[in-house]
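> when you get a sec, could you give me coordinates for this:
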Amino acid sequence: MLGPAKPLPDGTYTAIATQIDPAGTSLPVTFTVDTAPPMVTLNPPESPSDDDTPSFTGTASDATPVIVQIYVGGAEDGTVVSVASAAVTGGGWKSGDANPVLASGEYTAVATQESSLGNPAGSSGPVTFTVTPSPIITPAAIPTPLPPTASFKWFPPVPETGESVSLVSSSTDVASPITAFAWALTSVGAFQNAGSVLSTSFSTPGAHVVRLRVTNAAGLASVATETIDVVGRMTPLMQPFPVVRIAGSDDAAGVKLRLLRVQQMPAGARVTVRCKGRGCPFKSASRLAVSTKLGVPPIEMRGFERSLPAGVTLEVLVSKLGEIGKYTRFRVRRGKLPERVDLCLNPAGGQPLVCPAS
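Model (predicted):
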């Protein structure tokens, strides 16, 4: 057996054997020398892609299977995290899905093929790609229907007993029209259907609970609760308010009255003069104001227009049922000017009181 004088480079050769004695020559034999690794290519996959089990394609010069190794990161020196394999058909190949599944991130793939001739394995160039997460499509949230917002106001803000009170809804609903209003005039009573405005009154003073229930077109409802403070009805001042005129002069024993008159008063008012102390001409006298064509004339209490000694006190009461009247006290003092006090008179007509501010 003879070997070559030196290694042959890759290529195709023809060999002929000869023998010198006896002379002879063999038939020529053709052979090929191939020491190169297989030629493998790898096509870049779609990138970026939400495919977390990508497959690969390429070409290969040998018939052995192609293995695709997938590395983490942008180079093939990372960690292999997934593999795909392919059979070669007609110089091309297409792998199955990579396994295991890839997480989101950047990866580098390299295809390799073992040589059927025992030569070194062939490798493709590295291909970098990116896996992105699939977008999460959330169905549009259907808003939860909301009930209306119930509220109301009342006029006047501080009503009196027996006074008409207007309850006015100020309820709102941004999504649905309000279709029903119901009112309850106590904290526990039943609701009564009515409109957005309700007129009522309260017969007793104090805190009164009122509730309003509103319902929208979707059938949702809400309730507003408010407390209305009701005050007792204010007793009115007599109109016009009376004027008491007293005129006179001092004398040695006391005063000499020359005028005791009540004027500017309504018809039906009663004028009463009460006298206290020694020297009173009368204990009391009373007259009723009467309307004429010219109005209500003044009332002059002539029985008291005389000399009154010190110590006498006159009380003038102008009263009318259900109204605040006029009270005047006139006291004769020894050695001093008479003392006069003007107040109001309670509706019952018997006791003086401080006049209201308004």
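> can I see the domain layout of this structure?
Here the chain is described, according to automatic domain parsing, as comprising the domains 13-132, 152-230, 243-353.
> and residue 237, how close does it get to residue 161?
Residue 237 sits 19 Å away from residue 161, going by Cβ to Cβ, to the nearest Å. For every residue, glycine as well, the C-beta is placed using N, CA and C.
> how about residue 264?
Here residue 264 is placed at a distance of 30 Å from residue 161 (Cβ to Cβ).
> hang on, residue 78 packs against residue 108?
Yes: with contacts counted by Cβ atoms under 8 Å, residue 78 reaches residue 108, the gap being 6.8 Å.
> please enumerate the shared neighbours of the two.
The contact sets of residue 78 and residue 108 overlap at residue 71 (Cβ atoms under 8 Å, 6 or more residues apart in numbering).
> count of residues packed around residue 291?
11 (other Cβ atoms under 10 Å).
> apart from its neighbours in sequence, what residue is nearest it?
residue 267 (3.7 Å; Cβ to Cβ, 6 or more residues apart in numbering).
> check contacts around the one you found.
Contacts of residue 267 by Cβ under 8 Å, 6+ apart are 289, 290, 291, 296.
> can you pick the most crowded of those residues?
residue 289 (20 neighbours).
> now that residue: closest residue in space, sequence neighbours ignored.
Residue 289 sits nearest to residue 269 (Cβ to Cβ, 6+ apart), 4.4 Å away.
> and the closest residue to residue 61 other than its chain neighbours, what does it touch?
Spatial nearest neighbour of residue 61, chain neighbours left out: residue 39 (4.0 Å); criterion: Cβ to Cβ, 6+ apart. Residue 39 sits next to 59, 60, 61, 122 when contact means Cβ under 8 Å, 6+ apart.
> hey, what's the last one bridged with?
On DSSP bridges, the residues paired with residue 122 through beta bridges are residue 113.
> distance of the residue nearest to residue 289 relative to residue 275?
In terms of Cβ to Cβ, residue 269 sits 20 Å off from residue 275.
> quick check, central residue of the protein?
residue 149 (9.8 Å; Cα atoms, centre = their mean).
> and the residue lying closest to that residue once chain neighbours are set aside, what pLDDT?
Once flanking residues are discounted, residue 149 sits nearest to residue 172: 5.1 Å by Cβ to Cβ, 6+ apart. pLDDT for residue 172: 95.
> residue 172: neighbour count?
11.
> ok, now residue 30?
So residue 30, with other Cβ under 10 Å, has 8 neighbours.
> give me the element it is part of.
strand 29-33 (DSSP states H and E).
> quick revisit: any idea which element the residue nearest to residue 291 lies in?
Going by DSSP H and E, residue 267 is not in any helix or strand.
> the stretch 151-300 of the chain: strands as residue ranges?
152-155, 165-169, 178-184, 192-194, 197-200, 206-216, 221-230, 243-250, 254-263, 270-276, 284-288, 299-300 (DSSP state E, counting those that start in this stretch).
> quick one: strands adjacent to the fourth one?
Just to be clear, that refers to strand 192-194. If you go by DSSP bridges, strand 192-194 pairs up with strand 178-184 (antiparallel).
> so where's the chain uncertain?
In the predicted model of the chain, residues 1-6, 8, 10-11, 13, 15-24, 26, 31-34, 358 satisfy pLDDT under 70.
> ok, and the closest non-adjacent residue to residue 279?
Nearest one to residue 279, counting by Cβ to Cβ, 6+ apart, is residue 309 at 4.0 Å.
> next, the contact list for the one you found, please.
253, 254, 277, 278, 279, 332 are the contacts of residue 309 under Cβ under 8 Å, 6+ apart.
> please name the bridge partners of it.
Bridge pairing for residue 309 - DSSP bridges - gives residue 254.
> for it, give its distance to residue 333.
As judged by Cβ to Cβ, residue 309 and residue 333 stand 11 Å apart.
> check the secondary structure at residue 303 for me.
helix (DSSP: H, G, I helix; E, B strand; the rest coil).
> isn't it up against residue 282?
Yes: at 5.6 Å, residue 303 counts as touching residue 282 under the criterion of Cβ under 8 Å.
> residue 356 contacts residue 324, doesn't it?
Yes: in this structure, residue 356 is within contact of residue 324 by Cβ under 8 Å, at 7.1 Å.
> out of these two, which sits in the more crowded spot?
residue 324 (20 against 11).
> wait, that one sits on residue 354?
No: using Cβ under 8 Å, residue 324 is not in contact with residue 354; the gap is 10.5 Å.
> which residues do the two both contact?
By Cβ under 8 Å, 6+ apart, the residues touching both residue 324 and residue 354 are residue 344.
> residue 343 looks like it's in a helix, true?
No: applying three-state DSSP, one finds residue 343 to be strand, outside a helix.
> residues in contact with it?
With Cβ under 8 Å, 6+ apart, residue 343 has these contacts: 327, 328, 329, 352, 353, 354, 355.
> just the buried ones among the residues you listed, please.
Neighbour-count burial (16 or more other Cβ atoms under 10 Å) is assigned, among those, to 327, 328, 329, 352.
> for the last one, give its distance to residue 330.
With distances taken as Cβ to Cβ, residue 352 is found 13 Å from residue 330.
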